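S.K.: Fold the stuff below for me.
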Amino acid sequence: MSRTDTPNGVDSRTVATDRLETHVLESGAPDAGGTVVFLHGNVSSSRFYDHVLATLPDRYRAIAPDLRGYGDSETKPIDATNGVEEFTGDLRALLATLEVDDPITLVGWSLGGGVAMQYALEHPQSVESLVLVNPVSPYGFGGTNDLEGTPCFDDYAGSGGGTGDDEFVDALADRDRSEGGEASPRKVLRTFYVAPSHGFDEDREESYLTGLLDTTTGGENYPGAAIESENWPGIAPGEMGVNNAISPKYFDVSSITEIDPDQKPRILWLRGDADQIVSNESLFDLGTLGQMGQVPGWPGEDVFPPQPMVDQTRAVLEIYEDRGGTVEEAVFANVGHSPHIEVPGDFRERVEGVLE
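M.R.: Prediction:
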């Protein structure tokens with residue numbers, strides 16, 4: 001399987017590994033001087049990187065896989081009890097099959113940032129640099145209330161698969177390309193994936209929308225299963241599916257600070273200051289929505305405040321630096337969740353700076 005709408009200079013193919021039939025986009029020569037791997041976010045695919053691969057100098061080998069259950073890769077269940085290790089295992093198998101030499105640079109956006117951090121934890125000797133693009137907090141998404149990732153409730157209620165919007169999930173399953181409804185994939189793409197000041201040309205919007213719609217939905221994939229809880233808002237993480245895999249019940253990569261100083265990858269943290277998805281007051285976090293009155297019964301800021309996602313990331317990276325790592329934070333003004341789309345030139349310049 002391959003895509004026919006990739007930009008010039010970008011190849012599309014499916015690679016069979018012992019774990020997954022993985023669709024990848026590639027540019028540059030296999031024997032190029034260094035390899036950079038781009039990992040996409042939740043409800044997206046490698047389509048969100050194809051223009052980056054098309055403009056990256058040929059002296060770098062660039063690879064952008066579709067994670068399991070996304071894009072044109074094979075669909076398999078996601079065991080959330082191991083956090084994002086299903087994804088890192090797939091990635092390890094893919095790089096071995098492609099005979100990619102270590103060390104590599106990992107560029108991880110949103111969910112992909114969490115996968116990149118987990119991969120560095122598992123294989124620090126294989127990662128030279130991490131570029132974290134509006135990454136999920138090291139303590140996961142939802143249900144924590146301080147800089148140390150303390151859960152609001154013991155069962156991590158308010159995070160996981162039950163936090164997905166049912167109307168949005170149904171629209172994904174129906175491959176709805178309409179413009180109607182606040183929860184339509186097209187509306188979500190336009191409203192939340194980029195800042196209000198950034199739009200798309202028609203062709204790019206249709207490609208990115210396809211990237212959203214190529215998401216496998218259900219209890220074993222997106223958003224995942226939920227269980228009942230006595231705690232607000234009445235649901236807690238189940239054991240399967242991607243939103244459970246990034247619940248703080250199962251996901252915690254804060255121990256990245258403990259990597260041996262000689263093996264710590266350099267980290268470049270890129271983020272948009274207008275991000276509405278990963279922020280200190282994320283509009284996808286039930287703490288924020290409860291505070292706004294959008295979710296009934298909110299127990300208050302003392303119990304379930306908005307998760308301080310950006311501050312949690314900064315706190316962990318400060319410890320990482322104190323323990324011998326190298327960290328740089330770069331903030332793009334008036335940019336939302338997708339700097340690689342909104343300011344592609346600045347983004348590419350930053351990535352090339354790391355590769356150089």
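S.K.: mind listing what the residue most central in space within the chain touches?
M.R.: Centroid-nearest residue in the chain: Leu111, 1.8 Å away (criterion: Cα atoms, centre = their mean). Leu111 sits next to 39-42, 67, 84, 136, 242, 246 when contact means Cβ atoms under 8 Å, 6 or more residues apart in numbering. Just so you know, the C-beta spots here come from the backbone N, C-alpha and C atoms, and that holds for glycine as well.
S.K.: how about the strands in this protein?
M.R.: 11-16, 21-27, 34-39, 60-65, 104-109, 127-133, 217-218, 222-223, 226-228, 235-237, 266-272, 327-332 (DSSP state E).
S.K.: and the angle for the fifth one with strand 127-133?
M.R.: Between strand 104-109 and strand 127-133, the angle comes out at 10 degrees (axes from the mean of the first three to the mean of the last three Cα atoms, to 10 degrees).
S.K.: Go ahead and name everything in contact with strand 104-109.
M.R.: Strand 104-109 is contacted by residues 34-41, 44, 48, 95, 114-117, 119-120, 126-135, 265, 338, 340, 351, 354-355 when judged by Cβ under 8 Å, 6+ apart.
S.K.: just how off-centre is that strand within its chain?
M.R.: With Cα atoms, centre = their mean, to the nearest Å as the basis, strand 104-109 stands 11 Å off its chain's centre.
S.K.: again, but for the last one
M.R.: The chain centroid and the centroid of strand 327-332 are separated by 17 Å, computed with Cα atoms, centre = their mean.
S.K.: Could you check how far Ser2 is from Leu25?
M.R.: Distance of Ser2 to Leu25, given as Cβ to Cβ, to the nearest Å: 10 Å.
S.K.: who's more crowded, these two?
M.R.: Leu25 (28 against 12; other Cβ atoms under 10 Å).
S.K.: so what's the more buried one scoring on pLDDT?
M.R.: pLDDT, Leu25: 98.
S.K.: re earlier: closest to Tyr156 among the contacts of Leu111?
M.R.: Ile246 (11.4 Å; Cβ to Cβ).
S.K.: can you give me phi and psi for that closest one?
M.R.: In terms of degrees, to the nearest 10, the main-chain angles of Ile246 are phi -110, psi 10.
S.K.: need the contact list for it.
M.R.: Contacts for Ile246 were tallied using Cβ under 8 Å, 6+ apart; they are 42, 83-84, 111, 114, 136, 140-141.
S.K.: do Met117 as well
M.R.: Each residue near Met117 by Cβ under 8 Å, 6+ apart is listed here: 108, 130, 132, 135, 138, 253, 256.
S.K.: how about the third one, what does it touch?
M.R.: Contacts of Leu132 were listed using Cβ under 8 Å, 6+ apart, and they are 108, 113, 116-117, 267-270, 313.
S.K.: where's it relative to Tyr119, distance?
M.R.: The gap separating Leu132 from Tyr119 is 12 Å, by Cβ to Cβ.
S.K.: Could you double-check that Thr216 sits in contact with Ser73?
M.R.: No - between Thr216 and Ser73 there is no contact under Cβ atoms under 8 Å: 9.4 Å.
S.K.: Those two: which is more packed in?
M.R.: It is Ser73, of Thr216 and Ser73, that has more neighbours when counted by other Cβ under 10 Å, with 25 against 20.
S.K.: quick one, what contacts the residue nearest to the more buried one when sequence neighbours are not counted?
M.R.: Using Cβ to Cβ, 6 or more residues apart in numbering and skipping the chain neighbours, the partner closest in space to Ser73 is Asp66 (3.9 Å). Residues in contact with Asp66 (Cβ under 8 Å, 6+ apart) are 22-24, 40, 45-46, 72-73, 214.
S.K.: If we use 10 Å, what do you get?
M.R.: Contacts for Asp66 (Cβ atoms under 10 Å, 6 or more residues apart in numbering) come out as 3, 14, 20, 22-25, 40, 44-47, 72-74, 90, 211, 214.
S.K.: And Phe200, by the same measure?
M.R.: The contact partners of Phe200, by Cβ under 10 Å, 6+ apart, come to 189-190, 193-194, 206-209, 341-342.
S.K.: so where do the helices sit in the stretch 151-300 of the chain?
M.R.: 166-173, 185-192, 202-213, 242-245, 286-291 (DSSP state H, counting those that start in this stretch).
S.K.: Flag every buried residue along the first one.
M.R.: This points to helix 166-173. 168-169, 171-172 (16 or more other Cβ atoms under 10 Å).
S.K.: count of neighbours near the nearest residue to Pro57 once chain neighbours are set aside?
M.R.: For Pro57, ignoring the flanking residues on the chain, the nearest one in space by Cβ to Cβ, 6+ apart is Glu352 at 7.2 Å. Here the number of neighbours of Glu352 (other Cβ under 10 Å) works out to 14.
S.K.: pLDDT at Glu352, what is it?
M.R.: For Glu352, the pLDDT comes out at 96.
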